[in-house]
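> build the 3D model from these lines:
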Amino acid sequence: MRDFSEYIRDLPDFPDAGILFKDITPLLGNKTAFHEAVEALASRFESKAIDVVVGIDARGFILAAALAYRLRTAFVPIRKRGKLPYATYEATYELEYGMDILTIHQDAFSKQSRVLICDDVLATGGTLAASVELVERLEGELVGIALLAELTELEGREKIGDYEIFSLIES
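Model prediction:
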């Protein structure tokens, strides 16, 4: 498998001082690397009979939509508060530089749907933990989490629980 880390650019002090931002746009802008990343994620989960891929606002949408297309499933967005037009459930979470709220439509998928969450980067785990909470609130069966990168030193995985997490890059 390709070393996808060569397509991730580190930007120190963005969006705030002390934050090391992982810029995935070089990977997205390389047609071969982007295609291979989606294929690598799909190959890990294609045997799991996924019903829906959930993507997390905002960069997670890009990977999740491509992955849903590749897996021939539905795509459901988890968005920041105020961005979804219908009745929503909310989950509050802490991130590296503050607090925020994520939402999902109350009718995003049916109970017992087999759900794969997809996001770009797992850092401290707050965003992903809130997303897991929302999937559980809708009574979906969370069969796994697909990530482009995991920053293992931040121990975000500890906030997630006992779900399969697959990342193309661990650093």
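> pull the contacting residues for the residue nearest the centre of the chain.
With distances taken as Cα atoms, centre = their mean, the chain has Asp119 as the residue nearest its mean C-alpha position (1.7 Å). For Asp119, the contacting residues are 55-56, 59-60, 63-64, 127-128, 131, 145-148, by Cβ atoms under 8 Å, 6 or more residues apart in numbering. Just so you know, the C-beta spots here come from the backbone N, C-alpha and C atoms, and that holds for glycine as well.
> so which of those residues is the closest to Asp162?
Comparing the contacts of Asp119 against Asp162 with Cβ to Cβ picks out Ile145 as the nearest, at 11.4 Å.
> now the closest one: how far from Leu67?
12 Å (Cβ to Cβ, to the nearest Å).
> wait, is Gly60 part of a helix?
Yes. Counting by DSSP: H, G, I helix; E, B strand; the rest coil, Gly60 is located in a helix.
> please enumerate the helices of the chain.
25-28, 31-45, 59-71, 126-137 (DSSP state H).
> touching, Leu151 and Asp120? I think so.
No. With contact defined as Cβ atoms under 8 Å, Leu151 does not count as touching Asp120 (11.3 Å).
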